[in-house]
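Asker: model this:
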Amino acid sequence: MFNNYLKIAFRNLWKNKGYSAINIVGLSVGMAVAVLIGLWVFDELSFNKYHKNYDRLGQVWQFVKFDVEKSAYNVAPVPLAEELRSKYPDFEKVSLSGFKSAILSAGEKKFEQTGQYVEPDFIGMMGVKIVAGTGSNFADINSILLSESLARSFFGAENPLNRMIRINNKEEVKVAGIYEDMPSSSSFKEASFLAPWKLLVSMDNYARSASTQWDENSFQVYVQLKEGADFGKVSSKIKETRMKRDDPPAYHPEFFIHPMSSWHLYSDFQNGINTGGMITFVWLFGTIGVFVLLLACINFMNLSTARSEKRAKEVGIRKAIGSLRQQLISQFFCESFLVVFIAFSISILLVALSLPMFNQVAEKEITLPVANLRFWIAGLGFSAITALISGSYPAFYLSSFQPLKVLKGTFRVGKLALIPRKVLVVLQFTVSVTLIAGTIIVFRQIEFAKDRPVGYNREGLIEVEMSTPDLYNHYNALKNELLGSGAVSAFSESSGSLTVQYGGTTNISWAGKASGSQPLIMSNSVTHDYGKTVGWKLKAGRDFSRDFSTDSSAIILNETAAKLMGFKKPLEAVVKLNGREFRVIGVIENMIKESPFSEVSPSFFVINYTGVNMINMRLSGTLGISQSLARIENVFKKFSPGSPFEYRFVDKEFLKKFGEEERIARLASFFTLLAIFISCLGLFGLSSFVAEQRTKEIGVRKVLGASVANLWQLLSRDFVFLVMLSCLISCPIAGYFMESWLDHYTYREPISWWVFGLTGCGALLITLLTVSYQAIKAALVDPVRSLRSE
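Answerer: As a prediction, this is how the structure comes out:
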């Protein structure tokens, strides 16, 4: 019986090649989209599972209250690590950690790399896979572990063990081991070497001073809980650790352990409550995958039921000679399974071909797990579900025909039979139009933020991190050399990048400050020429100047800080910072150093030549960029000959702030285009069938004088109406969900009505282009050929 079902299924596919091709192509694309999204979702859900103790690992975070709301930070004071080790038995292992870039050199080779300085327990906690040497402990403070890729860059095929490497042209360390590169789905993928925490303390003044300071929060504390310990209960125990000490701070830190399983997907907090994070996009794209596959299934349903009159006699004869309805249902399901199996085979090929492009769009390193048995089992299960969904309605609908009516020739598909088909078309285009509108709104929000005034001039501005001691304490000499090179028009130094806000203080007061108020105000140490170099915009007062010796006690506020402090005449105000008085000499336009989608934090700038670690330069513009950079590099080589010249363009660094949103927008547009393609494919098939079904009617109308335009309008009208109805339904749906998404951003663009108008017009245009080919083709047929059988 099964062989008979299969043989008939093949015959039907071959007999109706055009419709079969539409079904197979639509299902292939839909299933390929579902597989791609499934692989992406699996990659997101398996983030950090590379680490063997994944379920028991966590990081100490803290909630701090600076004024009204609690804010969450993933840094902790250094002394906390020893406190957890010695006083809380719930922890099996604890390790301090600090990420820091450094210039590594071995012989003539030099590379600037990001490293992670950790305590010995870190290796075992995280399951770092040592492939050569030993990593069980950092017995020697002057030792280092290199990733396999970095070891190859330095030593090629030679044995790297016990070779010497210099850090920042100063400290010399020995290669004690080589570890397997962390995968892209690890939170530690940026680190290309591991070094002892004690080494960082010995060579970094800030790390050394922070070792005993409970209010210096710049490093990470990772923990591994004992078997059976609960993250929530342990968090409750350590919550008040800082406040129980003799000098509790006003910002009231509350420590808690954030499990590794939540680092990637649940990293957003608002006022002390976890509000999700990337998990939102996992659900979003998972839902899109289901809907895109559903669109392909709808195509199969619509084309199968539309051709019901063609198969009515087959059903009638089968029933007349004794076939049961259950057997007919099995026959139609067999056809459905055959089509889906062919489509799944093609979809795997499509996924393999599109993965490189998809990885580029999604910024992933996903591979097709063809050697994984579970993947194929899941694929077969997925195909079976798809076949059941797509084949269910046609199977039950076609098997319900009454043989007496069919064989007497009185069977006709009534108007009510068209309703489910029309509903499915409306559903298809509702999903497609919703995706189009949502994608447009995402792109507009990104462009809206990009057009936001940043408060300084990014053009021609470059930064060089002062990563070696050679670059410190040479301000005037370095400045004069660079200005004299003709490549640079302005030079300054600052405590960090223009595109990153590093830290702030609550130890600041002013006249009229509310009692008990503890706002966090971002602090920036700069040199005299900073304002001129970055091109900030003064709203009131003046810039720092060497003409005023009192500027060593001067302060410049941004607009947000001036507003927060409530000064009516800010240029006459005095601010007390860490017990020292500073006079306000200027107010600048807000500079965006944090997220371009959020409010600008209150900030201040003071002159401090010893608290800087970043060089800022503006290119003169009189030379080409490559020529300018070559001259700048020559100057830097004079002061730091053992270091590679590493620089960053500020405008490019700023654009990186849009990375996540742009990645989501690219993925959404990719899937939206495929959803539209599937919907149009189904519409093309339906319009082809309708034109074929009404061939004689078209012939009669042409004989009676109907024009091609009249016939085109006749055949297109129903489809246009259905798509217009889809647009009306999709607009409020898209508006509701996109409004909820935009609410996550403080700086956001309101949704404009024309977005939905443009989307609707685009959908109608696509519909007309899809339907018109078949409509015009049918209208141009010679009526003699259409009516010859009459």
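Asker: contacts and neighbour counts: CA atoms only from here.
Answerer: OK.
Asker: okay, residue 781: pLDDT?
Answerer: Note on residue 781: pLDDT of 69.
Asker: er, residue 20 actually
Answerer: 73.
Asker: lowest average confidence, helix or strand, in the protein?
Answerer: Taking mean pLDDT, DSSP states H and E as the measure, helix 403-408 is the helix or strand of the chain with the lowest mean score, a mean of 54.
Asker: right, and the helix or strand after it?
Answerer: helix 415-450 (DSSP states H and E).
Asker: now residue 331: which helix or strand?
Answerer: helix 325-362.
Asker: just how off-centre is the helix or strand just after that helix within its chain?
Answerer: Counting by DSSP H and E, the element after helix 325-362 in chain order, helix or strand, is helix 373-398. Between the centre of helix 373-398 and the centre of its chain there are 31 Å (CA atoms, centre = their mean, to the nearest Å).
Asker: tell me the angle helix 373-398 makes with helix 325-362.
Answerer: With axes from the mean of the first three to the mean of the last three CA atoms, to 10 degrees defining the directions, helix 373-398 sits at 130 degrees from helix 325-362.
Asker: thought residue 97 was touching residue 121?
Answerer: No. Using CA atoms under 8 Å, residue 97 makes no contact with residue 121, being 10.8 Å away.
Asker: those two: who's more crowded?
Answerer: residue 97 (23 against 20; other CA atoms under 10 Å).
Asker: which residue lies closest in space to the more buried one, excluding its sequence neighbours?
Answerer: Closest residue in space to residue 97, ignoring its immediate chain neighbours: residue 118 at 4.6 Å, by CA to CA, 6 or more residues apart in numbering.
Asker: for residue 105, same thing?
Answerer: Nearest non-adjacent residue to residue 105 (CA to CA, 6+ apart): residue 166, at 5.2 Å.
Asker: show me what counts as buried in the helix holding residue 331.
Answerer: 325, 328-341, 343-344, 346-348, 350-351, 355, 358, 361-362 (16 or more other CA atoms under 10 Å).
Asker: what about residue 347, distance to residue 354?
Answerer: Per CA to CA, to the nearest Å, residue 347 is found 10 Å from residue 354.
Asker: which residues touch stretch 130-150?
Answerer: 119-121, 123-124, 161, 172-181, 192-196, 198-199 (CA atoms under 8 Å, 6 or more residues apart in numbering).
Asker: ditto for stretch 107-120
Answerer: So stretch 107-120 is contacted by 95-105, 136-138, 154, 190-200, 643-644, 646 (CA under 8 Å, 6+ apart).
Asker: now which of the residues you listed would you call buried?
Answerer: 95-99, 101-105, 138, 154, 190-200, 643-644.
Asker: show only the entries of those residues found in strands.
Answerer: 95-99, 101-105, 193-196 (DSSP state E).
Asker: what's the farthest-apart pair in those residues?
Answerer: 95 and 105 (27.2 Å; CA to CA).
Asker: give me the number of residues near the residue nearest to residue 97?
Answerer: 24.
Asker: got the residue ranges for the helices in the stretch 1-150 of the chain?
Answerer: 2-15, 17-45, 79-87, 121-126, 148-155 (DSSP state H, counting those that start in this stretch).
Asker: off-centre distance for the second one?
Answerer: Helix 17-45 has its average C-alpha position 22 Å from the chain's average C-alpha position, going by CA atoms, centre = their mean.
Asker: residue 173 is in contact with the residue nearest to residue 105, correct?
Answerer: Yes. If you go by CA under 8 Å, residue 166 and residue 173 touch, sitting 6.2 Å apart.
Asker: which one's more surrounded, the two?
Answerer: Counted by other CA under 10 Å, residue 166 and residue 173 do not tie: residue 173 has more neighbours, with 20 against 17.
Asker: which SS class is residue 216?
Answerer: coil (DSSP: H, G, I helix; E, B strand; the rest coil).
Asker: phi, psi for it please.
Answerer: phi -100, psi 110 (degrees, to the nearest 10).
Asker: could you list the low-confidence segments of the chain?
Answerer: By pLDDT under 70, the low-scoring segments of the chain are 1-19, 68, 135-137, 303-325, 327-328, 332, 393-418, 689-695, 781-790.
Asker: the residue nearest the centre of it: which element?
Answerer: Centroid-nearest residue in the chain: residue 660, 3.6 Å away (criterion: CA atoms, centre = their mean). Using DSSP H and E, residue 660 maps to helix 659-693.
Asker: tally of neighbours for the nearest residue to residue 435 once chain neighbours are set aside?
Answerer: Of all residues not flanking residue 435 in the chain, residue 672 sits nearest, at 5.7 Å (CA to CA, 6+ apart). Residues lying near residue 672 (other CA under 10 Å) number 23.
Asker: please apply the same query to residue 629.
Answerer: Around residue 629 there are 18 residues (other CA under 10 Å).
Asker: quick one: buried residues of the helix or strand containing residue 483?
Answerer: For residue 483, the host element (DSSP H and E) is helix 475-484. Within helix 475-484, the residues scored as buried using 16+ other CA under 10 Å are 478, 479, 481, 482, 483.
Asker: just give me how far that helix sits from the chain centre.
Answerer: 41 Å.
Asker: please apply the same query to stretch 331-342.
Answerer: With CA atoms, centre = their mean, you get 37 Å for stretch 331-342.
Asker: keeping just the C-alphas, turn stretch 613-633 into CSV.
Answerer: Output of stretch 613-633 as CSV, limited to C-alpha atoms (Å, rounded to 0.1, in the frame of the first residue of the first chain):
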residue,chain,number,x,y,z
ASN,A,613,46.5,57.3,29.5
MET,A,614,45.2,58.3,26.0
ILE,A,615,46.8,60.5,23.3
ASN,A,616,44.3,62.4,21.1
MET,A,617,45.4,63.9,17.8
ARG,A,618,43.7,65.7,15.0
LEU,A,619,45.1,65.2,11.5
SER,A,620,46.0,68.5,9.8
GLY,A,621,44.3,67.6,6.5
THR,A,622,47.2,69.0,4.4
LEU,A,623,48.6,65.5,3.8
GLY,A,624,47.0,62.2,2.7
ILE,A,625,45.9,59.9,5.6
SER,A,626,48.6,57.3,4.9
GLN,A,627,51.3,59.9,4.7
SER,A,628,50.1,61.5,7.9
LEU,A,629,50.1,58.2,9.7
ALA,A,630,53.5,57.4,8.5
ARG,A,631,54.9,60.6,9.9
ILE,A,632,53.1,60.2,13.2
GLU,A,633,54.5,56.6,13.5
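Asker: which residues touch that stretch?
Answerer: Here stretch 613-633 has contacts from 460-467, 482, 485-497, 530, 533-534, 645, using CA under 8 Å, 6+ apart.
Asker: any buried residues in that stretch, and which?
Answerer: 613, 614, 615, 616, 617, 618, 619, 620, 628, 629, 632, 633.
Asker: export those to CSV and tack on distance to residue 502 and secondary structure?
Answerer: Listed next are these as CSV, based on distance: CA to CA, whole Å; DSSP: H, G, I helix; E, B strand; the rest coil:
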residue, distance to residue 502, secondary structure
613, 12, coil
614, 12, strand
615, 15, strand
616, 16, strand
617, 20, strand
618, 22, strand
619, 25, strand
620, 28, coil
628, 29, helix
629, 27, helix
632, 27, helix
633, 27, helix
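Asker: format the residues you listed as TSV; extra columns: distance to residue 511.
Answerer: Shown next, in TSV, are these (distance: CA to CA, whole Å):
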residue	distance to residue 511
613	32
614	33
615	35
616	34
617	37
618	38
619	41
620	43
628	48
629	47
632	46
633	48
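Asker: which one of these is nearest residue 575?
Answerer: Using CA to CA, those come closest to residue 575 at residue 613, 25.0 Å.
Asker: gap between that closest one and residue 336?
Answerer: Relative to residue 336, and taking CA to CA, residue 613 is found at 66 Å.
Asker: for residue 98, same thing?
Answerer: Residue 98 is 57 Å from residue 336, by CA to CA.
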